[in-house]
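J.: Make a model of this:
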Amino acid sequence: MTGGLCAALALLGVWGAAPSVSVGDAGEFAAAAAVLGVPHAPGYPLYMLAGRAFGTALPWGTWAWRLNLFSGVCAAGALTLLCAALKRRGIGAPAAAVAAATLGLSPLWLHTNAQAEVFALNVLLAAAALWAASAPQPCGDRTSAALGLLLGLGTGNHHTLALAVPALAAAAWLSARPAPARAARALGVLALFALFGFSVQFYLPLRAAVSPPLDWGHPVDLSRFLHVLLRKDYGSLTLTVEGSARAGGTLAQSARWLGELWGGLGSTAALLAALGLGALLVRRDHVSTALFAGLALGAGPLFLALGDPPFDPQTSYALKRFWLLSWLGAAGVMAAGAEELWRSSGAGRAAVAALLLAPALAAWKAAPVWAQRWDLAAHDHGRNLLRSLPPGSALALDGGDDNFYTLASALYADGLRPDVRVFDRGGLVFPSPYGAGFRSLPKDAKEARRVEAERVLAVTRPLFYATLRRDVGPGTALDVWGLVRRLRVGGPSEPAATPQGRALWESYVLRLDPSFERAHFRMRALTPFYPLMRAAGDAAAHAGQAALERLGHVLVLAGDVRWAPPAVSEAAQFFGFSALAEGRPEESERAYALALRAEPANGGLRSNRGAALERLGRRDEARAEYARAAELDPTDPTARFNMGVLLYKAGDFSRAQSEFSAAAAMPGAGPDAAVWAARAAARR
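T.: The predicted model follows:
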């Protein structure tokens, strides 16, 4: 029964797998497996080797698609081993099937395990460890060797597997209560095989020594190896550099985990887990309690307490994939609840049978959220970036994981565009033009090295930038060129309105389901890049209304994405300044109003919008903006000076003098404020 269910779930995973690269890290993993490279820290050597072996044995389709299938196979294997572990703990097939179906048909499980990511292999290793720890002799040599090997290998895939160690150790102790000599022998065998499994880490220096196309951190010596292994670029207990600030504390993080469990697996599953925990405690099955509840709590609340990640949308979405390990333990507790129902009565058996149908119906209803059969947005993005580049050009990436990883997949996994040179300005992901020791330089020295290397490179080939900024590169202008910006070596600007620019936009493909885009934060973090760059091209071609409409669309679509509001604000401000300087105050006011939608607490923006309103003769509105600007930034003299000018023009010289004097007393005020204060005093 459970075997057939797991086989069906495996086929469902194959059916729902993304056809190519997906958003997030999938492109990097596909490329690194294809070339046996070193992806971002901690390097994931086990995944690289296992993914390469699977992709080589399945020589059809792109590398990204093969690794998507690899994730589906690993996920199905994890459910199979979970059912086998439950059988060892005395759980019958119907109850185990309920647990496997509830977990395996949850939208998060189906979505995550249909991508080229490391989480499916992680739950496979954890499920194998649960099965081994459920053996009749958990402290025997064979079981200790198996657990040691699994944990050692696990260091080469995902460090969160270490969170299972307390549960495994407690279950083994409670099951066997070994004598000191037996316990010492078991620990010795476990440590020996853990070291053997840990030897997979030798992959990192061995592959880095030959400088593969992807070589994150170049871990060829002990110092750099430990830097990668311990994730020093991120902080060892944080998910991302941006998420390194402490957040809500243990209680808030525990509530967060419970909320995700309730919302992700459903209220029925959560209640079933509560029933199962109660049944295990009543029956005094301490081994199962330690094994399954211990894994759930260790990989859930304990994990969150250690990192205390913030509650912003980006971090919250990144965390979702991390729930799967704890949900594996929760599924074991749910199985105990289903077993209690099955044993209770005929009605209980009917309820268990109904519980097999509930997750299937829920998965069918949620298919538009988790199924990725037509998810080609990331695939298209990498190819659209390459379409932007003429033959023989170079592209400097100034941030953006989806830029890095979709291009890595296209270049190294799919073998496209060998004529172009792609590198990242951080010197991390792609072969770097910045020379040896670049990563160890201080910030200013890094920037000087970048500028010099890019100036030399621009002499030999056309140089483009994938960036949200206008001020990168060796000091010359950047012209909008489709999705990228072209370094202007000399001569007049060549904006996006040229035939080349129009041809680029006509060539881009972006196949996207809007409902899928709304459901997934990472998708919304990618797709707004298109209207943002199109707006930059419109602004360069003096199509102001079109530019502002596109920027407004970015804000509606991605208002909760960290990069989007500042990018919209910066682009709108640039257009607003240009429009006001060129005598178009109405367009300038609309631009500054849009920028304020993105950054409503920006006092400087309110001063600028006030200037545009004043030029339009809307003095009362301008006065309100100046007052609000002074309130938001009491140390900025601009708002007080502008208010003084407005009052001076209106003949209110007494209040104008007060505003000019206040501006003149602030740090950074120019001499004009004091001059105008004296003039206003003379007119009183």
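J.: Wait, residue 420 touches residue 395, no?
T.: Yes: in this structure residue 420 lies within contact range of residue 395 using CB atoms under 8 Å: 6.3 Å. Every C-beta, even on glycine, is put in place using the N, C-alpha and C of the backbone.
J.: Between these two, which contacts overlap?
T.: residue 389 (CB atoms under 8 Å, 6 or more residues apart in numbering).
J.: Distance from the strand or helix carrying residue 556 to the middle of the chain?
T.: For residue 556, the host element (DSSP states H and E) is helix 544-558. Distance of helix 544-558 from the chain centroid (CA atoms, centre = their mean, to the nearest Å) equals 24 Å.
J.: Show me which residues of it are buried.
T.: Under the neighbour-count criterion of 16 or more other CB atoms under 10 Å, helix 544-558 has 544, 547-548, 550-555, 557-558 buried.
J.: Would you map the strands across this protein?
T.: 394-397, 421-424, 463-466, 478-481, 484-487 (DSSP state E).
J.: for the protein, what are the low-confidence residue spans?
T.: 1-3, 235-247, 489-502, 684 (pLDDT under 70).
J.: one more time with 50, if that's ok
T.: 241, 243-244, 493-499 (pLDDT under 50).
J.: Okay, the spatially most central residue of it and residue 373: tell me how far apart.
T.: When CA atoms, centre = their mean is applied to the chain, the residue found nearest the centroid is residue 318 (5.1 Å). As judged by CB to CB, to the nearest Å, residue 318 and residue 373 stand 24 Å apart.
J.: Between residue 420 and residue 395, which is the more surrounded one?
T.: residue 395 (23 against 20; other CB atoms under 10 Å).
J.: List the residues that contact residue 647.
T.: 653, 655-656, 659.
J.: Among the residues you listed, which one sits closest to residue 588?
T.: residue 659 (22.9 Å; CB to CB).
J.: ok, now which ones touch residue 203?
T.: Residue 203 touches 43, 45, 48-49, 156, counting by CB under 8 Å, 6+ apart.
J.: Closest one to residue 121 out of these, please.
T.: Among the contacts of residue 203, and counting by CB to CB, the member closest to residue 121 is residue 156, at 9.8 Å.
J.: From residue 481, how far off is that closest one?
T.: 41 Å.
J.: With residue 595 instead?
T.: 24 Å.
J.: How about residue 390?
T.: For residue 390, the distance to residue 481 - CB to CB - is 9 Å.
J.: These two - which one has more neighbours?
T.: The residue with more neighbours, out of residue 390 and residue 481, is residue 481; 26 against 13, by other CB under 10 Å.
J.: Specify the beta-bridge partners of the more buried one.
T.: On the basis of DSSP bridges, residue 481 is bridged to residue 484.
J.: so it makes contact with residue 464?
T.: Yes: contact criterion CB under 8 Å: residue 481 and residue 464 qualify, at 6.4 Å.
J.: which neighbours do the two share?
T.: Common neighbours of residue 481 and residue 464 (criterion: CB under 8 Å, 6+ apart): residue 388.
J.: Please name the residues that touch the closest residue to residue 475 other than its chain neighbours.
T.: Leaving out its chain neighbours, the residue that sits closest to residue 475 by CB to CB, 6 or more residues apart in numbering is residue 451, at 6.9 Å. When contacts are counted by CB under 8 Å, 6+ apart, residue 451 touches 473-475.
J.: swap in residue 668?
T.: Neighbours of residue 668 in contact, by CB under 8 Å, 6+ apart: 636-637.
J.: and the gap between it and residue 215?
T.: Counting by CB to CB - residue 668 and residue 215 are separated by 46 Å.
J.: Helices along the stretch 351-500 of the chain, start to end?
T.: Taking DSSP state H, counting those that start in this stretch as the test, the helices found in the stretch 351-500 of the chain are 367-370, 377-387, 401-408, 443-460, 499-507.
J.: Need those helices in JSON lines (columns: distance to residue 584).
T.: Shown next, in JSON lines, are the helices of the stretch 351-500 of the chain (distance: least, CB to CB, whole Å):
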{"stretch": "helix 367-370", "distance to residue 584": "44"}
{"stretch": "helix 377-387", "distance to residue 584": "32"}
{"stretch": "helix 401-408", "distance to residue 584": "33"}
{"stretch": "helix 443-460", "distance to residue 584": "34"}
{"stretch": "helix 499-507", "distance to residue 584": "22"}
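J.: quick one, which of those helices is packed in tightest?
T.: helix 401-408 (a mean of 27; mean count of other CB atoms under 10 Å).
J.: same for that one, what does it pack against?
T.: Judged by 3 or more CB pairs under 8 Å, 6 or more residues apart in numbering; DSSP states H and E, helix 401-408 is in contact with helix 26-35, helix 377-387, strand 394-397.
J.: Quick check: which of those is nearest to residue 442?
T.: Nearest to residue 442, of those and by CB to CB, is strand 394-397 at 20.5 Å.
J.: Direction included, what does that closest one pair against?
T.: Counting by DSSP bridges, the strands paired with strand 394-397 are strand 421-424 (parallel), strand 463-466 (parallel).
J.: contacts for the first one?
T.: Meaning strand 421-424. 393-398, 404, 407, 411, 430-433, 457, 461.
J.: quick one: buried residues of it?
T.: Buried residues in strand 421-424, counted by 16+ other CB under 10 Å: 421-424.
J.: Out of those residues, which is nearest to residue 324?
T.: residue 424 (29.6 Å).
J.: so the closest one bridges to which residues?
T.: Applying DSSP bridges, one finds that residue 424 bridges with residue 397.
J.: Next, work out how far apart it and residue 92 are.
T.: 54 Å.
J.: Ok, residue 668 next?
T.: Distance from residue 668 to residue 92, by CB to CB: 75 Å.
J.: cool, residue 648 as well?
T.: In terms of CB to CB, residue 648 sits 87 Å off from residue 92.
J.: ok and the longest helix along the chain relative to helix 377-387, angle-wise?
T.: Looking across the chain with DSSP state H, the single longest helix is helix 63-88. Calculated by axes from the mean of the first three to the mean of the last three CA atoms, to 10 degrees, helix 63-88 forms an angle of 160 degrees with helix 377-387.
J.: now for helix 63-88, which elements pack on it?
T.: Secondary elements touching helix 63-88 (3+ CB pairs under 8 Å, 6+ apart): helix 2-16, helix 26-35, helix 45-57, helix 93-104, helix 119-133, helix 323-344.
J.: one step back: any idea which of the strands of the chain gets closest to residue 588?
T.: Among the strands of the chain, strand 478-481 sits nearest to residue 588 (CB to CB), with 20.2 Å.
J.: now the closest residue in space to residue 532 that isn't next to it in sequence: how far from residue 200?
T.: Nearest in space to residue 532, with sequence neighbours left out and distances taken as CB to CB, 6+ apart, is residue 554 at 5.2 Å. Applying CB to CB, the value for residue 554 to residue 200 is 43 Å.
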